[in-house]
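1. can you look at this prediction? I've put the sequence above it.
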Amino acid sequence: MKDIARQQMSIKVESMDMLNAQIQMEGKASASYLAMASWCDQRGYIGSADFLYAQAAEEREHMMKIFKFVNDCGGNALSPEIGNVNHDFSSLEEVFETALSQEIEVTKSINSIVASAKKNNDFGVENFLQWFVTEQLEEEKTMRDILDLFEIMGRDGIALKFIDERIKAE
């Protein structure tokens, strides 16, 4: 019976497995952004905290979009198990360096799934992921722009207050 169900999926098994790994990655990214937001909240970086809470919600939306797509294609989306989330940062700049690093990893993963889907003629998956490709370019740019603020404005005192206020406006 399971073999018949797998034959009726409109995505390939390899794509489904990779998308389930992406669901896990997006869930972890959401949890990671929550940890970053909490760190900022505890230190009075309210603008950054608000921005990071919004990022956490956005990553969860990405996770849910992929989750629903897998199920809609007849696949079996797996709920992520999240562990090993870092809650300890040494500075506001490190928070955003971590965020950029995380976004780069997500981009690599999305690109890998697109490449695999293309290779396997899994056109529905390839098409579905085009939105994510564009989204990741925007996410990385946003984090790089924020990190540029530290170079321009500085890393202590009033500079951090100005950066935090500027991030809120992002």
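-> Arrived safely, thanks for sending. Only a predicted model underlies this, so the values are computations on that prediction, with no experimental measurement involved. Residues are numbered from 1 along each chain as shown.
2. from here on, contacts and neighbour counts on C-alpha atoms
-> OK.
3. how about the helices in this structure?
-> 2-7, 13-42, 46-72, 92-119, 123-153, 158-169 (DSSP state H).
4. for residue 80, find the nearest of the ones you listed.
-> Nearest to residue 80 among those is helix 13-42; the distance by C-alpha to C-alpha comes to 4.7 Å.
5. so for the closest one, mean pLDDT?
-> Averaged over helix 13-42, pLDDT sits at 97.
6. circling back: among the helices of the chain, which is nearest residue 86?
-> So among the helices of the chain, helix 13-42 is nearest, using C-alpha to C-alpha, at 6.8 Å.
7. which strands and helices sit next to the closest one?
-> helix 46-72, helix 92-119 (3 or more C-alpha pairs under 8 Å, 6 or more residues apart in numbering; DSSP states H and E).
8. could you redo the last one with a cut-off of 6 Å?
-> helix 46-72 (3 or more C-alpha pairs under 6 Å, 6 or more residues apart in numbering; DSSP states H and E).
9. next, the angle helix 13-42 makes with the helix it packs on.
-> 160 degrees (axes from the mean of the first three to the mean of the last three C-alpha atoms, to 10 degrees).
10. quick one: distance of helix 46-72 to the chain centre.
-> In terms of C-alpha atoms, centre = their mean, to the nearest Å, the centre of helix 46-72 is set 7 Å apart from its chain centre.
11. again with stretch 24-35
-> Worked out by C-alpha atoms, centre = their mean, stretch 24-35 lies 7 Å from the chain centre.
12. could I get that stretch in CSV with only the CA atoms?
-> Presented in CSV, the C-alpha positions along stretch 24-35 are these (Å, rounded to 0.1, in the frame of the first residue of the first chain):
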residue,chain,number,x,y,z
GLN,A,24,13.8,21.0,10.0
MET,A,25,16.2,23.8,9.0
GLU,A,26,13.5,26.4,8.8
GLY,A,27,12.2,25.3,12.2
LYS,A,28,15.6,25.6,13.8
ALA,A,29,16.1,29.0,12.2
SER,A,30,12.8,30.1,13.7
ALA,A,31,13.9,28.9,17.2
SER,A,32,17.3,30.5,16.7
TYR,A,33,15.8,33.9,15.9
LEU,A,34,13.6,33.5,19.0
ALA,A,35,16.7,33.0,21.1
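13. for this structure, which spans come out with low pLDDT?
-> For the chain, the stretches with pLDDT under 70 are 1-7, 169-170.
14. re earlier: would you mind giving the helices of the chain as TSV with mean neighbour count added?
-> Putting the helices of the chain into TSV (neighbours: other C-alpha atoms under 10 Å) gives the following:
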stretch	mean neighbour count
helix 2-7	10
helix 13-42	21
helix 46-72	19
helix 92-119	18
helix 123-153	15
helix 158-169	17
